[in-house]
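[1] show me the folded form of this:
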Amino acid sequence: MTSGPLVRPMISFAVPLIASGILQQSFNAVDIVVAGRFAGAHALSAVGSNGPVIGLMINMFLGLAVGVNVVIANYIGQRNSRGVSAATGASMFLSLICGAMMVVITQMCAAPLLRLLGTPGEVLDDAIEYLRIFAVGMPFMIVYNFGAAVLRSMGDTRRPFYSLVVAGFANVGFNFLFVAGMGMGVHGVAWGTVLSNVINAAIIVVILVREQSAVRLTPGNLRWVGPEIGKVCRIGVPAGLQTTVFSISNIFILSAINSFGMKASAGSASALTYEIYCYFVMTAFTQTATAFVSQNYGAGNIERIRRVFRVSLLMCVVVSAVLNIGISFAREAFMVPFTDDAEVLAYGCERILVVLTWQFIASYYELGGATMRGVGYSMTPALITIFGTCVLRLVWVGFFPTGGTFGELLAIYPLSWTVTDLIMFAAFYFVMRKLRVKKG
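    Next comes the predicted model:
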């Protein structure tokens, strides 16, 4: 990461991350497809309505995983094996605490939160049950993501991907067994996801326990280490806050979408699946940038950090644009696997056309923020993103006219991405200039 050519090693790093993101999102996508095909639009809406809520519940802790990646990669760049070992054990201990918290919080908040969001009454009970069962698997999901962040910090994106392959096939098998085979409906897709998350976490823990490098997980280093957890939180909490507020804004938009009825809710949830798939592709490049930047910052290679940013941005824009525009062009074909209801299909296609077509615009602020987090500036991109993509969306929903159309409601997505890009451009320029002055 700290010397030699950049393009090939960055592609080698990013490709397993892209595949991992797609597989991880497939857990929820399979839930939605199986629910829609084997249990009908009612179950599809119940499962799909929980997407933004689940994101809200876990995104803070996924942000902490970014902190894990940055801290350990920084130690690796400094060749500090003792710091790597201490940070690994402390991070995995933190994942256990976060997982336990998530179970309690979700069980308490599921019903009032879904009612607050105006979830259609005919699917409310099933939506609550799905979320409560899903929460049982959250600790295992968090353990996996923290463990995967540890491995990514040393350049290993392949083994977390292999773990997801096994868990992904298990998820498909469980869903078809419980729903198509046993007729368990919403409960079946939820328990299928829980069991696949258990398998995923078990594999990643075994990998870390058997690892021979400094990131090896042992009973001795699995403990609370205040300084290391503090470093993780200084980077990870702002990143988690950013994604959490981002999820809150999406939840308010979901509430507005629900006002168009169950068919709009089901169509939007189906289309959102492709947005998340493409966003995971974008996230793969941001995680690649964060890992490479963190190691080079630890090694003092400031000019190489700028090169990492340029290369990752170019790759992210090109790949994202091809995916976004390609899916939009064939949007009807991409919606067919979810449902054969004409009205649900129409709503889903409209969301793809208005939102997904332009998602690649978000590449700049995502890569700029990832680069700044890699050099220790985590709060700056968090505040910019909170304002640009969250506050603007909340204002848009708050002033959205009663007679507004579904497409007009969704237009805030490309608008907010553009505004955030412009603000991030200015911030990134000043941070990089500051680093050059500091080096001099």
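
[2] so residue 225 touches residue 83, yeah?
    No - Residue 225 is beyond contact range of residue 83, at 10.2 Å (criterion: C-beta atoms under 8 Å). For every residue, glycine as well, the C-beta is placed using N, CA and C.

[3] who's more crowded, the two?
    residue 83 (20 against 17; other C-beta atoms under 10 Å).

[4] which strand or helix spans that one?
    Here residue 83 is covered by helix 81-116, with elements defined by DSSP states H and E.

[5] for that helix, packing partners?
    With contacts taken as 3 or more C-beta pairs under 8 Å, 6 or more residues apart in numbering; DSSP states H and E, helix 81-116 sits against helix 51-78, helix 124-136, helix 138-153, helix 226-258.

[6] JSON lines for the ones you listed, including distance to residue 297, mean neighbour count and mean pLDDT?
    Listed next are those as JSON lines, based on distance: least, C-beta to C-beta, whole Å; neighbours: other C-beta atoms under 10 Å; pLDDT from 0 to 100:
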{"stretch": "helix 51-78", "distance to residue 297": "7", "mean neighbour count": "25", "mean pLDDT": "77"}
{"stretch": "helix 124-136", "distance to residue 297": "37", "mean neighbour count": "21", "mean pLDDT": "86"}
{"stretch": "helix 138-153", "distance to residue 297": "13", "mean neighbour count": "26", "mean pLDDT": "90"}
{"stretch": "helix 226-258", "distance to residue 297": "12", "mean neighbour count": "21", "mean pLDDT": "80"}
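
[7] of these, which is nearest residue 317?
    helix 226-258 (20.4 Å; C-beta to C-beta).

[8] between helix 81-116 and that closest one, find me the angle.
    Counting by axes from the mean of the first three to the mean of the last three C-alpha atoms, to 10 degrees, helix 226-258 lies at 30 degrees to helix 81-116.

[9] how about the nearest residue to the residue most central in space within the chain, chain neighbours excluded?
    Nearest to the geometric centre of the chain sits residue 280, at 6.5 Å (C-alpha atoms, centre = their mean). Counting by C-beta to C-beta, 6 or more residues apart in numbering, residue 21 is the residue found nearest to residue 280 once chain neighbours are left out, at 2.7 Å.

[10] tell me how far that neighbour lies from residue 287.
    9 Å (C-beta to C-beta, to the nearest Å).

[11] what of residue 124?
    Relative to residue 287, and taking C-beta to C-beta, residue 124 is found at 36 Å.

[12] check residue 188 too.
    Relative to residue 287, and taking C-beta to C-beta, residue 188 is found at 32 Å.

[13] residue contacts, the closest residue to residue 224 other than its chain neighbours?
    Nearest non-adjacent residue to residue 224, counting by C-beta to C-beta, 6+ apart: residue 93, 5.8 Å away. If you count contacts by C-beta atoms under 8 Å, 6 or more residues apart in numbering, residue 93 has them with 222, 223, 224.
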